[in-house]
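A.B. asks: following is a predicted model, sequence given first.
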Amino acid sequence: MTQELWNLRKSILDGRYDDALVILDELELMSRKGYIRNIRSFLIRLMIHLIKNQVEQRLNNSWAASIEGSILEIQDLNLQDNKTSHYVKQGDWEDLLDAVFYAAIKPASS
């Protein structure tokens, strides 16, 4: 990201504002992807414990704490700084949860 910031600064100083706007769009996309990657990671952890709970029909304190912690982290990460928008939109959760479910099956079985 350092290179992108340097390029942004240079574009602004050189008066190439269209180039600067393109770089800003790229930085915004990188940031959004980072948030979604972190949300996905917590969703996988959450799903692993939910699968284990369903299969083993038990819930220990560690799993419960991990489930609760994952939910809180997902809620926090998903809320954008403006406190009104979300990184994962309402209609995008189903696809994300489907992908996460399949990524969690193998770790949950070990």
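C.D. replies: Cool, got the structure. Residues are numbered from 1 along each chain as shown.
A.B. asks: all helices for this structure, in order.
C.D. replies: 2-13, 17-56, 61-78, 93-108 (DSSP state H).
A.B. asks: of these, which approaches Ser85 most closely?
C.D. replies: For Ser85, the closest of those is helix 61-78, at 9.5 Å, according to C-beta to C-beta. C-beta: built from backbone N, CA, C; applies to glycine.
A.B. asks: from the chain's centre, how far out does the closest one sit?
C.D. replies: Centroid separation for helix 61-78 versus its chain: 13 Å, with C-alpha atoms, centre = their mean, to the nearest Å.
A.B. asks: state the mean pLDDT of it.
C.D. replies: Regarding helix 61-78, the rounded mean pLDDT is 95.
A.B. asks: list the contacts of that helix.
C.D. replies: 35, 38-39, 42-43, 45-46, 49-50, 52-53, 86-88 (C-beta atoms under 8 Å, 6 or more residues apart in numbering).
A.B. asks: now swap in stretch 42-57 and tell me
C.D. replies: Contacts of stretch 42-57 (C-beta under 8 Å, 6+ apart): 59, 63, 66-67, 70-71, 73-74, 77, 96-97, 100-101, 103-105, 107-108.
A.B. asks: how far off centre is it?
C.D. replies: Relative to where its chain is centred, stretch 42-57 has its mean C-alpha point 18 Å off (C-alpha atoms, centre = their mean).
A.B. asks: one more: stretch 5-20?
C.D. replies: In terms of C-alpha atoms, centre = their mean, the centre of stretch 5-20 is found 29 Å from the chain centre.
A.B. asks: same check on stretch 19-36?
C.D. replies: 15 Å.
A.B. asks: Leu27: neighbour count?
C.D. replies: Neighbour count for Leu27, taken as other C-beta atoms under 10 Å: 15.
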